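Chemist: Just a sequence and a predicted model for now, questions to come.
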Amino acid sequence: VKHITSETLLLTREILDANCVRHVVDGADTQVRVQLFINNAKDCRISVPALLGSVRIEDCSDCKIYLGACCTSVYMNGVVNCTIFIASHQLRIHECNGCRLYVKVKSHPIIEDCVDMGFAPYHYDYEAAAADTEEAGLAAAHCWDNVVDFRWHKSTASPHWHKIAECDRVQ
């Protein structure tokens, strides 16, 4: 998904499966999960209610992005004023500003060179959400509020991120 403005996109499991790479190993047909790349989107709503391989989000602003469970990692760079729902094994965030992230991660979310990043628990409900979360190995994932800031080396809390107050969370 590249260079879109003011659009609403729904990337269904069927659309993603049609664009997956298939490998045949010892006569068995295996599907490689989608590697989703969202680049230079502005003022868009992007929904992906499906199991994903990896996700990269770069140079996006003022978007709402809803991602199904991700089997590996999510990487964000240069994202501004976006609301994003993320369930993954690893979450790396670089040079982002003013984002609201609803996350379920197996490891600590990591930020670097970020400002005003809000975090809350993941809650994107779609038909296969429970099955996708299980298949991605994320059923027991619980990290969302133990963010590691690679640019904050003091014993006090990082000023670059905060927990989103319950009254301010997207329902």
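Modeler: Happy to help now that I have it.

Chemist: and Asn77, how many neighbours?
Modeler: 17 (other Cβ atoms under 10 Å). Every C-beta, even on glycine, is put in place using the N, C-alpha and C of the backbone.

Chemist: The one 10 residues further on too?
Modeler: Taking other Cβ under 10 Å as the criterion, the count of residues near Ala87 is 26.

Chemist: For the helix or strand where it lies, name the packing helices and strands.
Modeler: In this assignment (DSSP states H and E), Ala87 forms part of strand 83-88. In terms of contacts (3 or more Cβ pairs under 8 Å, 6 or more residues apart in numbering; DSSP states H and E), strand 83-88 is packed against strand 54-58, strand 64-69, strand 73-77, strand 100-105.

Chemist: Now do whichever helix or strand comes after it against strand 73-77: the angle between them, please.
Modeler: Sequence-wise, the next helix or strand downstream of strand 83-88 (DSSP H and E) is strand 90-94. If you take axes from the mean of the first three to the mean of the last three Cα atoms, to 10 degrees, strand 90-94 sits at 10 degrees to strand 73-77.

Chemist: What is strand 90-94 packed up against?
Modeler: If contacts are counted by 3+ Cβ pairs under 8 Å, 6+ apart, strand 90-94 sits against strand 73-77, strand 100-105, strand 110-112.

Chemist: Among these, which comes closest to Cys167?
Modeler: Among the helices and strands packed on strand 90-94, the nearest to Cys167 by Cβ to Cβ is strand 100-105 (13.4 Å).

Chemist: which strands and helices sit next to the closest one?
Modeler: strand 83-88, strand 90-94, strand 117-121.
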